[in-house]
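Asker: got a predicted model here, sequence first, then my questions.
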Amino acid sequence: MITTPFENVSKAEIDGLVSRKIAERRTLDYKEIIPGNSDDEKREFLYDVSSFANASGGDLVFGVRDQKDATGKPTGIPEAADGIAVANVAAEIARLENVIQSSIAPRIPGIQFREVAGFTSGIVLVMRIPKSWAAPHMVTFKGATRFYSRNSTGKYPLDVFEIRSAFAQSESLPERLARFRDGRLARIISNETPIPSTSSSKIVLHSVPLQALEPNCRLDLSTMSSALSPLLRPMKPGVGWNWRFNFDGFVNYSANGNYSQLFRSGAIEGLEVTALDMKEWRKFTRYDGPDFISFTAFENEVIKATANFLQVQKRLGILPPIFIMLSLIGVKDFRVTTGPQSFSPDPIDRDSLILPDVLIEEFADAAVAVNQTSTILKPVFDAVAQSAGLPGSFNYDVNGNRVAQN
């Protein structure tokens, strides 16, 4: 797979694959031409796409010619990036997407295309297929029922035992996510965190890519710096924050105890300990009412943090799907504010709210990331409101669009 973040893949990266003789591998495959409309070409293309989704994900690079051995057989080593003459790139991408959607089951989410110009014969088209959370995917073209995966030598058909194993692994995904969340919450509750806190009430936000659940997933975080630090800011940082590398990866932290931890696996954990710290609130004010969650401010902060975390993961080249998980700790008897000095009819009846996770199948552009995130998070906010006796979040209209932004 090309290591450059997908939106930044340029002619220099493609030329570098050729000059460094980067051979085909489990996550990279070169094609001299874009598949046409013949059944054989479509079938081979579908096998390629499904094999990436069923394995570790990867890139199909169209417009790169292989070196040939003495018998004329492709070696998998790129000889030249000539490009391909394409009259209408958008129409060609739409055609390929239609072939995939009609002939692979279940649907593969998160496939991306990038057009790279400047080559002798035209463009190079890069197609990125993520490792799928819904694997295994079956090719159904012309009545076929074939499952493919990939190893270091390319794609291969799965046998019956491998198909059973693939289904079992897919079914274990909820358990792997639950183990990750439970493990992190246990450490937070026991105060084994980058920044210790005395507060017993906490907001915990996790942004977990599927690839982070693989035991051998490790990112090179040496490129992290002050350039990405603002996107990884802690929730409610107060007067400012600092950043540093640590054993787990890279952390942004503020003096008030809030932090955002980027793990080497690509997962991000955000901890907010000030918004629900009613002891401090009561100490410095004369407030003697119930413990409460300032609901609109809470939602806005979670939306902004989630959008920022996703942008960090996008810039690091992490592939969707990504699971967003929100947890509230130490909130028994808290109420939800419904306006100035007004509260939900009931208190929350348990100490911890382990809210339903949501799935991000593809990244949004930075300009609309907050809007996309606010829509996706609505079921989570509804669950918080319902835990306090409300029918749902009052900050959305009947169509699910957010109406409160401040």
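Answerer: Good, I have the coordinates.

Asker: so what's the residue positioned nearest the centre of the chain bridging to?
Answerer: For the chain, the residue nearest the mean C-alpha position is residue 322 (2.9 Å; CA atoms, centre = their mean). Beta-bridge pairing for residue 322 (DSSP bridges): residue 209, residue 360.

Asker: wait, it sits on residue 208?
Answerer: Yes - using CB atoms under 8 Å, residue 322 makes contact with residue 208 at a distance of 6.6 Å. (Each C-beta comes from the backbone N, C-alpha and C, glycine too.)

Asker: how near is the residue nearest to the centre of the chain to residue 297?
Answerer: Taking CB to CB, to the nearest Å as the measure, residue 322 falls 25 Å from residue 297.

Asker: buried sites along stretch 112-128?
Answerer: 112, 113, 114, 116, 119, 122, 123, 124, 125, 126, 127, 128 (16 or more other CB atoms under 10 Å).

Asker: ok, now stretch 28-43?
Answerer: Within stretch 28-43, judged by 16+ other CB under 10 Å, the buried ones are 28, 29, 30, 31, 34, 35, 42, 43.

Asker: now, which of these sits nearest residue 279?
Answerer: residue 28 (54.5 Å; CB to CB).

Asker: from memory that closest one sits against residue 57, does it?
Answerer: No - the pair residue 28 and residue 57 fails to qualify as a contact (CB under 8 Å) at a distance of 10.6 Å.

Asker: hey, what's in contact with both of those two?
Answerer: Contact criterion CB atoms under 8 Å, 6 or more residues apart in numbering; residues shared by residue 28 and residue 57: residue 1.

Asker: residues in contact with residue 193?
Answerer: Neighbour list for residue 193: 187, 259, 271 [criterion: CB under 8 Å, 6+ apart].

Asker: swap in 7 Å and give it another go.
Answerer: 187, 271 (CB atoms under 7 Å, 6 or more residues apart in numbering).

Asker: number of nearby residues for residue 192?
Answerer: 10 (other CB atoms under 10 Å).

Asker: to clarify, my last question referred to residue 359.
Answerer: Residue 359, neighbours per other CB under 10 Å, totals 13.

Asker: residue contacts, it?
Answerer: Shown in contact with residue 359 (CB under 7 Å, 6+ apart): 321, 323.

Asker: what do you get if the cut-off is 10 Å, keeping everything else the same?
Answerer: 109, 133, 210, 320, 321, 322, 323, 324, 376 (CB atoms under 10 Å, 6 or more residues apart in numbering).

Asker: ok, and the most crowded of the residues you listed?
Answerer: With neighbours taken as other CB under 10 Å, the top of the contacts of residue 359 is residue 322, carrying 30 neighbours.

Asker: where does it land on pLDDT?
Answerer: For residue 322, the pLDDT comes out at 91.

Asker: wait, it sits on residue 362?
Answerer: Yes - counting by CB atoms under 10 Å, residue 322 does reach residue 362; the two are 9.4 Å apart.

Asker: which residues are common contacts for the two?
Answerer: With CB under 10 Å, 6+ apart, residue 322 and residue 362 have common neighbours 110, 130, 314.

Asker: want to throw the residues you listed into TSV with neighbour count?
Answerer: As requested, the shared contacts of residue 322 and residue 362 are exported to TSV (neighbours: other CB atoms under 10 Å):
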residue	neighbour count
110	21
130	25
314	22
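
Asker: any chance of those in a markdown table, plus secondary structure, pLDDT and distance to residue 72?
Answerer: What follows is the shared contacts of residue 322 and residue 362, written out as a markdown table (DSSP: H, G, I helix; E, B strand; the rest coil; pLDDT from 0 to 100; distance: CB to CB, whole Å):
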| residue | secondary structure | pLDDT | distance to residue 72 |
| --- | --- | --- | --- |
| 110 | coil | 85 | 36 |
| 130 | coil | 89 | 34 |
| 314 | helix | 88 | 41 |
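
Asker: out of those residues, which is nearest to residue 148?
Answerer: Of all these, residue 148 sits closest to residue 130, with 15.9 Å by CB to CB.

Asker: for the closest one, what are phi and psi?
Answerer: The phi/psi pair for residue 130 (degrees, to the nearest 10) reads phi -80, psi 160.

Asker: so what's it up against?
Answerer: Contact analysis of residue 130 by CB under 10 Å, 6+ apart lists 52-53, 56-58, 108-112, 209-211, 318-322, 361-362.

Asker: go again using 7 Å as the cut-off
Answerer: Contacts of residue 130 by CB under 7 Å, 6+ apart are 57, 110, 319, 320, 321.

Asker: so residue 209 makes contact with residue 316?
Answerer: No - between residue 209 and residue 316 there is no contact, the gap being 9.7 Å when judged by CB atoms under 7 Å.

Asker: find residues that contact each of these two.
Answerer: residue 266.

Asker: more crowded one of those two?
Answerer: Set side by side, residue 209 and residue 316 show more neighbours around residue 209, with 26 against 17, by other CB under 10 Å.
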